[in-house]
Structure formats: structure tokens, C-alpha cells
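Colleague: got a predicted structure plus its sequence, pasted below:
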Amino acid sequence: MNSKEWMELSESVVAHTYARYPIVLSRGKGTRVWDVDGKEYLDFLAGLAVCNLGHCHPKVVKAIQEQAERLIHVSNFYYIESQIRLARLLCEHSFADKVFFCNSGAEANEGALKLARKVAHEKTQGGRYEIITMDRSFHGRTFATLTATAQEKYHKGYSPLMPGFKYVPFNDAKAVRDAVDSKTCAILIEPIQGEGGVNCPSEGYLKALREICDEKGILLIFDEVQVGMGRTGKLFAYENYGVVPDILTLAKSLAGGVPIGAVLMKKEVSGGFKPGDHASTFGGNPLATAAGVAAVTAILEEGMLENCRKVGGYFLSRLQEMKKKFPFIADVRGKGLILGVELTLDGGSIVKDMMQRGYLINCTMGNVLRFLPPLIVTEKEVDQMLVSLNEVLQTVK
Ligand SMILES: Cc1ncc(COP(=O)(O)O)c(C=O)c1O
């Protein structure tokens with residue numbers, strides 16, 4: 001079937017929860033993907049920060065193949081080799097002492113929120129349960145994570161939302177301090193906001209949050225679903241800021257494209273979860289965690305973090321040059337290979353024009369072009385994409 005036929009069939013049988021672009025992708029390799037009609041695209045979206053290693057990384061493919069031949073799934077009633085291996089790898093390379101596995105970012109955040117409440121419940125007999133989150137945050141689509149997501153557009157039609165959440169502006173430590181009261185149990189924050197427009201923390205902000213948490217005896221939770229796994233040039237985004245959370249969530253790129261989520265936690269809080277308190281049928285399943293071991297190993301051993309820092313720095317400086325040329329570019333920001341270009345106008349048509357020219361990019365919040373290429377992207381590929389972006393921006397009125 002060609003693209004048109006697939007799209008017609010999709011409209012008739014797949015729920016309409018996505019405003020899709022008119023392409024049907026069928027194959028990927030490294031930084032490139034191809035649609036069913038054979039058209040090639042350079043991918044600066046990477047499955048929305050999932051394909052950090054590039055598409056179909058050979059080590060991930062091999063790990064999936066080998067694991068699929070041995071054991072695809074067993075229950076968490078039993079110990080699972082690759083789950084243990086992945087947990088050990090994550091603990092060795094982070095602040096964490098323990099890991100809980102699940103299947104998505106929302107589910108990881110659900111786990112983190114439940115853990116924070118459980119820990120507080122035991123300490124204060126239910127007195128502390130409230131979670132503070134930031135305006136423009138994005139934490140997922142389940143009821144708790146949707147409520148944690150402080151963006152009204154996602155809440156519409158779903159009331160009543162879950163009780164126990166409070167919102168404050170991003171990058172305003174005083175607002176957090178003022179919001180903490182005797183009911184607060186945790187602060188949940190993306191170290192860099194992704195969906196909210198690639199918003200970076202200002203100097204000292206995350207440190208101030210850590211101080212507030214320590215002072216008040218509450219937990220600091222970092223949602224690194226989008227910015228973890230090397231995206232910022234360090235394995236975990238928190239490493240850039242010298243601030244260690246109590247709990248950290250991962251998903252997206254953790255298993256190189258296989259669905260997975262994880263809650264990383266310090267031993268001081270891990271006791272909050274006792275057997276039976278939290279679970280997931282597929283969480284930490286042999287296939288996903290075997291892919292995870294291969295993905296984390298590849299990120300660490302194949303120079304991807306270095307490449308991310310080098311190409312990310314180059315990319316950012318090229319975008320800053322572009323800002324001088326186009327008055328409708330209000331700001332350029334980001335870290336590593338999560339970069340945003342804020343426009344004073346709608347960016348939707350720019351994404352479509354770029355797609356027609358063979359480049360997948362994204363626009364978030366309506367006016368922030370977001371670039372999330374695989375961590376293996378080269379300066380040459382960045383240059384190639386920017387030639388087209390420059391041409392498209394010249395047509396913008
Ligand atoms: C920071 C952040 N948290 C959570 C999520 C939700 O992840 P998932 O779609 O896997 O549930 C996302 C998804 O974009 C995200 O960017």
C-alpha cells in the first residue's frame with residue numbers, strides 16, 4: 001500500500017488522538033528514516049527524544065533478537081536477569097540505589113508521585129501529600145501526571161482532576177518557597193522543560209530547590225523522561241547542574257526505542273515501597289531491559305555524550321547566528337541536543353515546509369521550534385538541515 005492508502009485506513013480504524021503529518025514511515029537507520037513511498041528524511045525529532053542512539057542501533061537490534069529467542073516475558077514473581085543488569089548499570093552511573101521499572105514516562109512519574117506520597121505518609125501519618133509542579137511542565141497523560149502537568153490546555157474536559165497538586169512559575173525559587181506548607185511532600189520538576197518550550201533553569205535555581213527540600217524535609221523529583229539518557233551531553237541532565245534529586249524518572253530513550261520507564265531512587269526513600277505497594281505486569285520485562293542494557297552501554301561506550309556536547313554546541317552557535325538575521329526569532333536556547341528557537345509567530349507551517357524538504361523537526365507551544373536529533377548527528381547534517389531552515393525562514397512573512 002502507498003502512503004495515501006495507509007492514511008485512509010488509519011483514519012477509519014485508529015482513534016483520532018493525534019494530529020498527524022501526512023507521512024507513513026517504514027524504515028530507519030541512524031539519523032535517517034524513509035516513508036513507504038521511499039522518500040528519505042533527516043530526523044531532527046528522533047521519535048520525540050526516544051531514538052537518542054539513532055534508528056535501529058545494531059547493538060539494540062542484536063540484543064532484542066537474542067533476548068526474543070530466549071525469553072520475551074516472565075512475571076515479576078520471578079527474578080529477571082536483564083532487569084537486574086539494567087538496574088545495576090543505572091545505579092552505577094547515577095545517584096540512585098534502587099530502580100523500579102515500568103513502561104512509559106507517565107507511568108514512571110505515577111510511580112514517583114506514589115513513592116513520594118508513601119514516604120511522606122509513613123513519616124507524617126498522611127499529613128503531607130501535596131506535590132508542587134511548575135507552570136508549562138509536562139509529566140504525562142494519566143490522571144495524576146495530567147494533573148501534575150501545569151498546562152490548562154491538557155486539563156480541559158477531564159475535571160475533576162486529582163487533588164493534591166499546586167503550581168508555581170518555572171525559574172522562581174521564591175514562589176516555591178512560598179508555596180511549601182505543612183501539607184507539601186515533594187517538588188516535581190523537569191530540569192529542562194521540553195514540551196513547555198525548551199525552558200532551561202536559571203543559574204542556581206535547581207540548587208535553591210534542593211535547599212528548600214532539605215530545609216523542609218520534602219523530596220525533590222526530577223522528571224528526566226525527555227532530557228535524560230544523554231540528551232544534554234551528560235547521561236543525566238542533573239549532572240550539568242550539580243544538584244542531586246531524591247527520585248528521578250526516565251523513559252523514552254532508555255531502551256533505544258522499546259517501551260520502558262524507570263523510577264530511580266535513593267535508598268533513604270526506596271523503603272517507601274514494600275512488596276505489593278506498587279507493580280507493573282510488563283515493568284522491567286526481559287525484552288525491554290535487554291534492549292535497555294544495550295542502549296545504555298552504547299551511549300556510554302560509543303562517544304555519544306561527547307558528540308552531543310560538541311555538535312550541540314556547534315548547533316546552538318549556528319542558531320544564535322540565525323537569530324541575528326531573522327527579527328522574528330525571539331530567543332535561542334537549550335543544552336546539548338535539546339534546542340529551541342522561540343519565534344514571535346506560529347511555527348506550524350515551518351515544520352510542514354521542512355518536512356516537504358526532507359527534514360523532521362518539531363514545534364512546541366505553537367511558537368518554539370524544537371530540535372531533538374539523535375545524539376550521533378554530525379555537524380555536516382546540522383549544516384544541511386540549517387540550509388533548508390534558512391530558506392524556509394526567508395519565506396516567512
Ligand atoms: C518530561 C516528560 N515527562 C513525561 C512524559 C510522558 O511520557 P510518556 O508519553 O512516555 O508517557 C513526557 C513525554 O513527552 C515528557 O516529555
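Modeller: Thanks, I have it.
Colleague: residues from the protein in reach of the ligand?
Modeller: Contacts of the chain with the ligand, taken as CB under 6 Å from any ligand atom, map to 104-106, 109, 138-140, 190, 194-195, 223, 225-226, 251. C-betas here are computed from N, CA, C, even on glycine.
Colleague: which of those fall in strands?
Modeller: The strands, defined by DSSP state E, take in Asp223 from the residues of the chain next to the ligand.
Colleague: pick out the residue in the stretch 251-397 of the chain sitting closest to the ligand.
Modeller: Ala251 (4.6 Å; CB to the nearest ligand atom).
Colleague: then the stretch 1-150 of the chain?
Modeller: With CB to the nearest ligand atom as the measure, Gly105 is the residue of the stretch 1-150 of the chain nearest to the ligand, at 2.2 Å.
Colleague: ok, now which ones touch that residue?
Modeller: With contacts defined as CB atoms under 8 Å, 6 or more residues apart in numbering, the neighbours of Gly105 are 139-140, 223, 225-226, 249, 251-252, 261.
Colleague: mind checking pLDDT for it?
Modeller: On pLDDT, Gly105 comes in at 98.
Colleague: how many other residues sit next to the residue of the stretch 251-397 of the chain closest to the ligand?
Modeller: Applying the criterion other CB atoms under 10 Å, we find 28 residues in the vicinity of Ala251.
Colleague: how about Val243?
Modeller: Going by other CB under 10 Å, the residues that sit close to Val243 add up to 21.
Colleague: hang on, isn't it packed against Leu209?
Modeller: Yes: contact criterion CB atoms under 8 Å: Val243 and Leu209 qualify, at 7.5 Å.
Colleague: touching both of the two, which residues are there?
Modeller: Between them, Val243 and Leu209 share the neighbouring residues Leu220, with contact defined by CB under 8 Å, 6+ apart.
Colleague: ok, residues contacting the helix or strand Lys153 falls within?
Modeller: Element membership for Lys153, per DSSP states H and E: helix 152-155. For helix 152-155, contacts defined as CB under 8 Å, 6+ apart pick out 138, 141, 146-147, 149, 161.
Colleague: in helices, which of the residues you listed appear?
Modeller: Secondary structure assignment by DSSP state H places 146-147 of the contacts of helix 152-155 in helices.
Colleague: just the buried ones from the contacts of helix 152-155?
Modeller: Neighbour counting by 16 or more other CB atoms under 10 Å classes 138, 146-147, 149 among the contacts of helix 152-155 as buried.
Colleague: any idea which helix or strand carries the nearest residue to Thr395 once chain neighbours are set aside?
Modeller: The spatial neighbour of Thr395 that comes closest, neighbours along the chain excluded (CB to CB, 6 or more residues apart in numbering), is Asp353 at 7.3 Å. Element membership of Asp353 [criterion: DSSP H and E] is helix 348-356.
Colleague: for that helix, packing partners?
Modeller: Contact analysis of helix 348-356 by 3 or more CB pairs under 8 Å, 6 or more residues apart in numbering; DSSP states H and E lists strand 362-364, helix 379-394 as its packing neighbours.
Colleague: contact partners for the most centrally placed residue in the chain?
Modeller: A centroid search over the chain (CA atoms, centre = their mean) returns Gln226, at 1.3 Å, as the residue closest to the centre. The contact partners of Gln226, taken as CB under 8 Å, 6+ apart, are 48-49, 105, 190, 192, 194-195, 252, 338.
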